[in-house]
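Enquirer: here are the coordinates; sequence isn't available:
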């Protein structure tokens, strides 16, 4: 094992395997101890490397992580982008190789400036800060790719109770700190300094005890009576979704399923359930609005929206409310290639994947009002938006309920939709609020404030989900303070490590 963590290809192969192992710690496998093991192997593998060697080791870990954990991208490119097997495989490898640099650069930074082998306790704390830093950075850089965060492994694990305190970030920090402390335990004991041994034990055990103790602590409370919900899962094939000859059939499907549904307070349709521009469906939406109003219901549906700004037409992925509710929301966090094409002047037309239907959306404004339905404020998230912790927290803090609509048909039968669902569950847990999740082909479900699914429709089935959600008020500590306490702590740890490193070099 020690030889595998030293410079050379055996250690690099171990890093690839450790990165890939992380996938098994997340949905749908949920073997959460593997996340701790993977982070520990990554930490151990950087102990004896030069900065240049650490750069390669970090890249290997990232390649393993994203190669295994985002394999569903191949499905989107090959099946729905009409790329050949070879081209889809090449594009998948190119994407994985590029995004692996999110681990390569922090590994170089670690070996060059931060690592403190002579101080195992300080080293573990600095590593935990760096780990959270790299997760936050890749959730922001170039619109971000906040997927496969290690903290998601704890949704059903012992650290779940930390999510309302510090969000996914605090869980990831604890995992990295625990992995580094376990690796350094022998060195701490060998040093024989009781104060450091006691502090190390507290830092190792304390967060896990707190996570278990707080797992079902109620940070929020009901602000009204339960609301009945019906969420419709149309299960429409992606090949039919934007086919002009199939539009009337899709509109009729959601109309007829709604007409047959029980009377509820909230009737929810998924992302782009109305597959034409809102202005072209005004008559249809008005008819459905009257139906909802007659039932004293609010109908919430996904629909593309066109607006004219300074004589320029802009298209948005949107949500609108009709019946006993009001509001329109325009999606702010867009999916690269799925909803917009980076460098589109160069890429459009090269292959079908760069010309997917509805891949020319604009970004919605920042200062949008929440949706209103049955007298309550609903924080809306369209598909990819729910994977951004800070963005979701900013809307959730103003809301009584959470809603996410999606069309995960792009992922096929891969693990992608289940990873997506897990992230939605974490957002509900962080916010201490009920979440309604409506999708085209799964997983449609209701999630309680503890991140638990109370009812769901199986994937790839057409149906109507019925259940109840409870509007909530009060803020969890994470919604109130967001990630600022952890940012300050990580900043202090970085400063401490950098100063100590500079002093060591001058002595």
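Expert: Nice, I can see it. These numbers were taken from a predicted model, which means no experiment stands behind them.

Enquirer: Residue 472 and residue 289: what is the separation?
Expert: Counting by Cβ to Cβ, to the nearest Å, the gap from residue 472 to residue 289 is 27 Å. (Each C-beta comes from the backbone N, C-alpha and C, glycine too.)

Enquirer: Ignore what I typed, I meant residue 183.
Expert: To residue 289, residue 183 is 60 Å away according to Cβ to Cβ.

Enquirer: next one: phi and psi at the residue most central in space within the chain?
Expert: Most central in the chain under Cα atoms, centre = their mean is residue 387, positioned 2.4 Å from the mean C-alpha point. In terms of degrees, to the nearest 10, the main-chain angles of residue 387 are phi -90, psi 0.

Enquirer: can you pull the contacts of it?
Expert: 146-147, 420, 423 (Cβ atoms under 8 Å, 6 or more residues apart in numbering).

Enquirer: How about residues contacting stretch 457-465?
Expert: Contact with stretch 457-465 is made by 229-235, 257, 260-261, 413, 417, 438, 441-446, 455-456, as judged by Cβ under 8 Å, 6+ apart.

Enquirer: so of those, which ones are in strands?
Expert: Cross-referencing the contacts of stretch 457-465 against strands under DSSP state E gives 229-233, 438, 444-446, 455-456.

Enquirer: out of those residues, who's nearest residue 310?
Expert: Checking the ones in strands among the contacts of stretch 457-465 against residue 310 with Cβ to Cβ, the nearest one is residue 438 at 34.0 Å.

Enquirer: And the closest one, how far from residue 221?
Expert: Applying Cβ to Cβ, the value for residue 438 to residue 221 is 26 Å.

Enquirer: Likewise for residue 11?
Expert: Residue 11 is 51 Å from residue 221, by Cβ to Cβ.

Enquirer: the more surrounded of those two?
Expert: Each of residue 11 and residue 221 has its neighbours counted (other Cβ atoms under 10 Å); residue 11 has more, 23 against 11.

Enquirer: which element is that one on?
Expert: Assigned by DSSP states H and E, residue 11 belongs to helix 9-25.

Enquirer: tell me which residues in that helix are buried?
Expert: For helix 9-25, burial by neighbour count (16 or more other Cβ atoms under 10 Å) applies to 11-12, 14-25.

Enquirer: what does that helix rub up against?
Expert: Under the criterion Cβ under 8 Å, 6+ apart, residues 3-5, 29, 31-35, 37-38, 41-42, 45, 56-58, 60-69, 103, 148, 150, 153, 415 lie in contact with helix 9-25.

Enquirer: Go ahead and build a ChimeraX selection from the buried members of those residues.
Expert: In ChimeraX syntax, the buried subset of the contacts of helix 9-25 is picked out as below (16+ other Cβ under 10 Å):
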select :4,5,32,34,35,37,38,41,42,45,56,57,58,60,61,62,63,64,65,66,67,68,69,103,148,150,153,415
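
Enquirer: The contacts of helix 9-25 in helices, which ones?
Expert: Secondary structure assignment by DSSP state H places 33-35, 37-38, 41-42, 45, 56-58, 60-69, 103 of these in helices.

Enquirer: which one among the ones in strands among the contacts of stretch 457-465 gets closest to residue 311?
Expert: Closest to residue 311, out of all of the ones in strands among the contacts of stretch 457-465 and judged by Cβ to Cβ, is residue 438, at 35.4 Å.

Enquirer: So what sits opposite the closest one in the bridge?
Expert: residue 405 (DSSP bridges).

Enquirer: what about it, neighbour count?
Expert: 29.

Enquirer: again, but for residue 251
Expert: By other Cβ under 10 Å, 18 other residues sit near residue 251.

Enquirer: Double-check it against residue 280; I have them as touching.
Expert: No: Residue 251 is beyond contact range of residue 280, at 10.8 Å (criterion: Cβ atoms under 8 Å).

Enquirer: list the residues that contact both of these two?
Expert: When Cβ under 8 Å, 6+ apart defines a contact, no residue borders residue 251 and residue 280 alike.

Enquirer: in this structure, what secondary structure element scores lowest on mean pLDDT?
Expert: When each helix and strand of the chain is scored by mean pLDDT, DSSP states H and E, helix 344-347 comes last, with a mean of 50.

Enquirer: Tell me the first helix or strand C-terminal of it.
Expert: strand 371-373.

Enquirer: Give me the sheet partners of that next one and which way each runs.
Expert: Applying DSSP bridges, strand 371-373 is found paired with strand 325-326 (antiparallel), strand 376-382 (antiparallel).

Enquirer: Mind checking the pLDDT average for the longest helix seen in the chain?
Expert: Across the chain, the longest stretch assigned as helix under DSSP H is helix 163-191. The average pLDDT within helix 163-191 is 95.

Enquirer: Quick check: buried residues in it?
Expert: Residues of helix 163-191 classed as buried: 163-185, 188 (neighbour count, 16+ other Cβ under 10 Å).

Enquirer: who does it touch, helix- and strand-wise?
Expert: For helix 163-191, the elements it packs on are helix 33-45, helix 120-138, helix 194-213, helix 389-396, helix 416-431, helix 477-481, helix 484-506, judged by 3 or more Cβ pairs under 8 Å, 6 or more residues apart in numbering; DSSP states H and E.
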